[in-house]
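Asks: Test case, fold it:
(3 chains)
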Amino acid sequence: MDIKNKILYDKLNERQRQAVFCTEGPLLILAGAGSGKTNVLIHRIAYLIQEKNIEPYNIMAVTFTNKAADEMKERLKGLVGHEAQQIWAATFHSSCVRILRRYIDRLGFNTNFSIYDADDQKTLMKRIFKEMPANTADLKERNVLRAISAYKDELISPSDALKYACGFAEKNNALLYEKYQSELRKNNALDFDDLINKCVELFEKNEDVLEFYQKRLKYIMVDEYQDTNTSQFRLIELLASSHKNLCVVGDDDQSIYRFRGANIENILSFEKIFKDTKVVRLEQNYRSTAAILDVANNVISNNVKRKEKKLWTDKKGGAKVKLKEFENGDQEASGILKEIASKAKKSSLNDFALLYRTNAQSRLFEEKCVNYGIPYRLVGGVNFYQRKEIKDILAYLKVISNSKDDIAVLRVINTPKRGIGETSLGKISSFASEFNINFYEACLNSWQIPSIGKTAYKIKSFTDFIEKARKELAKIDISDISDNIVYKNGDMDNFYNEAYKDTDIPDLLQSGDDKRVSDIINYILDEGGYRDYLMLEGDTQAQSRLENIKELISKAQMYKASLLDIFLEETSLIADVDTTDKSAQMLTLMTLHGAKGLEFEYVYMCGMEEELLPCTMSIASGDEADIEEERRLCYVGMTRAKKQLVLSYAKKRLINGGFDYKEVSRFIREIPPQLLDTDIKNELLHQGINRKKSVYIAGYNTNPYKQFNKSLPFGKEFIVKKSEKPDYKAGDMVRHIKFGEGEVLSITEGKKDYEIEVNFKKSGIKKMMAGFAKLEKM
DNA sequence: TCAAAGCGCGTTTTT
DNA sequence: CGCGCTTTGA
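Replies: Alright, predicted model coming up:
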């Protein structure tokens, strides 16, 4: 083979090279965990450019997360140099936004559309609920939104949903879906799912647009292919249908987004859909020791729905996987963190990751980290862009950019307080719907709103404020938007750059006295009174809120005010502010989902308990497929570890102020005991530790610590002793500290305590444990 | 109109 | 336990 830069590919193994050199036609790369798939992808791109003379401009690499996209761009830069900037490497969502900003007018939207996040969706749905009380009685916004999202994942339109709905509930959901979509359109807004779906719609209805992108994107690669849903698949199928140079990389064992509509069929049946697909399996793991891989393989082999594969490594041996048991969640946190702290003395804290199933679990660890002085980096959790103050500022910017965005207008019209209350908002709202105009337009005509009175002046002061910003600062000119190029962090972002491929790019940062997005934010802080509002709220958080805004401002400094839209779109699609400087020595805390695609020397997986992993929902559903997804999640976590994996669980745990006995996770019981390094008796692991499950404490919504052990410092263990036989019996009247008087209905002897059923005069029948309830005989 | 106080409800996971 | 939502009272 005639290869210019042969050395580059010599480091790859045989299979990896196959994948890299196979450039034409459909290719499915089944890449096990740690098999170097990202490496293969970037080498494949390098090969296309350097050996096949493909223009970087003709290559698209789609990822699932911003993190992955950034990493890919970074590594490509190292491999192919500045040309890497021409490659279209982005997430599904940002790719779609980029396309829609140019062409969505074909679908009757304005190109300055807003993007609604989960919060905005909920707010919008709430408004719909108010408007349609008959259809929404005892429904929850969330559930309806989930149903809508499920429709969208499958590319089902509201009219189809309505057509095929059976039963009242489904019909109703479909109806709400229809309403929701029309509201979005009114607001000139799209939700996350729409970003994909509108793009598909655009391509299906506009052949010329599709052709334009097909011609440009001659080689398409999709990372984490197992996580694509039906609509994402359709999008890729459309783009690749003419040249068919589609390469997808995935691992069915790491599919962990089924809940979000990821269709595992996309990977299982890829070969059927794309004729003459070549399949390459990457099964050599370069990341973990055999000890770790053995454990992971044993767990995942319990899944029925999977492509059989044998992940292997030549790193023989390695430290056994550790299993640790703790009395409670608190001790688990201290125990694990102490161990990490002492181990980290010899290596770097950066080598450690602490993984958990739910974000809620992070709190305990955060507190302890603070106590012990362990620096940590929390990935995920409350998103920077979801914080109140940031959302407020962004909402102002959205209003300035797209005044049709009612949700944004409503968010800020009375923040800071302008004396425009619920009643007035209602009046504006009904005026708006009566004349079929947007909320903001109604505000502009506030003096015409019946019985609005003096509030009209207050409304005017708000619209004046917005209008001034639009005229003097943003200079909103929609035709301008696609004709600009953004500089981001000193790099040319490849937004719209296809149009500018051969032109000189002006350095916007140098161009003197232009207004910037940051100026608009300062205007909101100063003239809008937002700073005073924050300070007057006076809570301890005010300072940190201002800090957050400052961070936003520094980002906004890089954008010309006329590029407000682009600023907004970047901020709405970014999951986490990318200030994670890797140079600092920090322990990483994150969810199992967040860990996908990463690796660490030492991985600690905590909360390895039934009802946590697998989580309650997946157990309760009774659907084995849900359990399999949890098992894959467990597998993903385990395969992050390079050198050592430590699993831990707590025997009991405080949950929602209640107090649960936990059973060790079934996934741990799936590991052959000889593979584990543990003090715990292995028989127990085999049979499962048989404790009484999920004792519901005494009808309390309160923490037993608080009720009976106030004096105990936080963190001290609460010990349950087998309690004495109570001095009351069925039929007796008793008194409870909270519920007052009641009649004992029954007493049942349990393993550790007596379970008492009491009929309280005020609060009805409650079941409680005698040891906690502290009932007094009357 | 708004702040303070009370109630109920909860948990996957993310672009 | 906490959060967010609703009710309540000024």
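Asks: ok, and for stretch A:239-252, which residues are buried?
Replies: Going by neighbour count (16 or more other C-beta atoms under 10 Å), the buried part of stretch A:239-252 is A:239-240, A:243, A:245-252. Placement of C-beta: from N, CA and C, glycine included.
Asks: tell me which of those residues is nearest to residue A:402?
Replies: Residue A:402 lies nearest to residue A:239 out of those, by C-beta to C-beta, at 27.8 Å.
Asks: Which residue does the stretch 401-550 of chain A have closest to DNA strand C?
Replies: Scanning the stretch 401-550 of chain A for the residue nearest DNA strand C gives residue A:422, at 9.2 Å (criterion: C-beta to the nearest atom of the strand).
Asks: what's around that residue, how many residues?
Replies: For residue A:422, the tally of surrounding residues (other C-beta atoms under 10 Å) stands at 8.
Asks: got it, and the one 10 residues further on?
Replies: Residues contacting residue A:432 under the criterion other C-beta under 10 Å number 20.
Asks: any idea what sits nearest it, other than its immediate chain neighbours?
Replies: Spatial nearest neighbour of residue A:432, excluding adjacent residues (C-beta to C-beta, 6 or more residues apart in numbering): residue A:442 at 3.8 Å.
Asks: in terms of contact, does the one you found touch residue A:449 like I think?
Replies: Yes: between residue A:442 and residue A:449 there is a contact at 6.9 Å, judged by C-beta atoms under 8 Å.
Asks: The longest helix anywhere in chain A packs against which elements?
Replies: The residue-count maximum for a helix in chain A (DSSP state H) belongs to helix A:167-186. Contact here means 3 or more C-beta pairs under 8 Å, 6 or more residues apart in numbering; DSSP states H and E; on that basis helix A:167-186 packs against helix A:118-131, helix A:133-136, helix A:141-153, helix A:158-164.
Asks: Can you mark which positions in that helix are buried?
Replies: Buried-residue list, helix A:167-186, by 16+ other C-beta under 10 Å: A:172-181, A:183-186.
Asks: go on, stretch A:406-424?
Replies: A:406-415, A:418, A:420, A:424.
Asks: Which secondary structure element of chain A has the lowest mean pLDDT?
Replies: helix A:704-708 (a mean of 24; mean pLDDT, DSSP states H and E).
Asks: and the stretch 501-650 of chain A, which residues reach DNA strand B?
Replies: Contacts of the stretch 501-650 of chain A with DNA strand B, taken as C-beta under 7 Å from any atom of the strand, map to A:573, A:575-576, A:591, A:593-594, A:615-618, A:626.
Asks: Which secondary structure state does residue A:588 sit in?
Replies: In three-state terms, and counting by DSSP: H, G, I helix; E, B strand; the rest coil, residue A:588 is strand.
Asks: and it, how many neighbours?
Replies: Neighbour tally, residue A:588, other C-beta under 10 Å: 21.
Asks: What separation is there between it and residue A:34?
Replies: Using C-beta to C-beta, to the nearest Å, we find residue A:588 at a distance of 18 Å from residue A:34.
Asks: Could you list the low-confidence segments of chain A?
Replies: Within chain A, the stretches with pLDDT under 70 are A:1-6, A:381-383, A:474-513, A:537-541, A:574-583, A:657, A:681-725, A:736-740, A:749-755, A:760-775.
Asks: what's the domain layout of it?
Replies: Listed domain ranges for chain A are A:3-104+A:197-284, A:115-187, A:300-383+A:577-686, A:387-481+A:513-552, A:732-777 (source: the TED database).
Asks: Any idea which of the ones you listed gets closest to residue A:563?
Replies: Within the domains of chain A, the stretch nearest residue A:563 is domain A:387-481+A:513-552; the backing value is 7.2 Å (C-beta to C-beta).
Asks: what about that closest one, start to end distance?
Replies: Counting by C-alpha to C-alpha, to the nearest Å, you get 11 Å between the two ends of domain A:387-481+A:513-552.
Asks: quick one on the thing from earlier: can you confirm the residue nearest to residue A:432 is in a helix?
Replies: Yes: counting by three-state DSSP, residue A:442 is part of a helix.
Asks: What is the burial count for it?
Replies: Neighbours around residue A:442, by other C-beta under 10 Å: 23.
Asks: How about residue A:139?
Replies: 16.
Asks: wouldn't it be in contact with residue A:126 here?
Replies: No: judged on C-beta under 8 Å, residue A:139 makes no contact with residue A:126 at a distance of 11.2 Å.
Asks: list the helices and strands the helix or strand just after the least confident helix or strand of chain A packs on?
Replies: Downstream of helix A:704-708, the next assigned helix or strand under DSSP states H and E is strand A:733-736. Counting contacts by 3+ C-beta pairs under 8 Å, 6+ apart, strand A:733-736 is packed against strand A:740-749, strand A:754-760, strand A:776-777.
Asks: Point me to the residue of the stretch 1-150 of chain A nearest DNA strand C.
Replies: Counting by C-beta to the nearest atom of the strand, the stretch 1-150 of chain A gets nearest to DNA strand C through residue A:122 (6.8 Å).
Asks: Quick check: residues of the stretch 251-400 of chain A near DNA strand B?
Replies: So the stretch 251-400 of chain A meets DNA strand B at A:256-257, A:259-260, A:357-360, A:380 (C-beta under 7 Å from any atom of the strand).
Asks: which among those residues gets closest to residue A:159?
Replies: residue A:260 (23.8 Å).
Asks: That's all I had, so thanks and see you.
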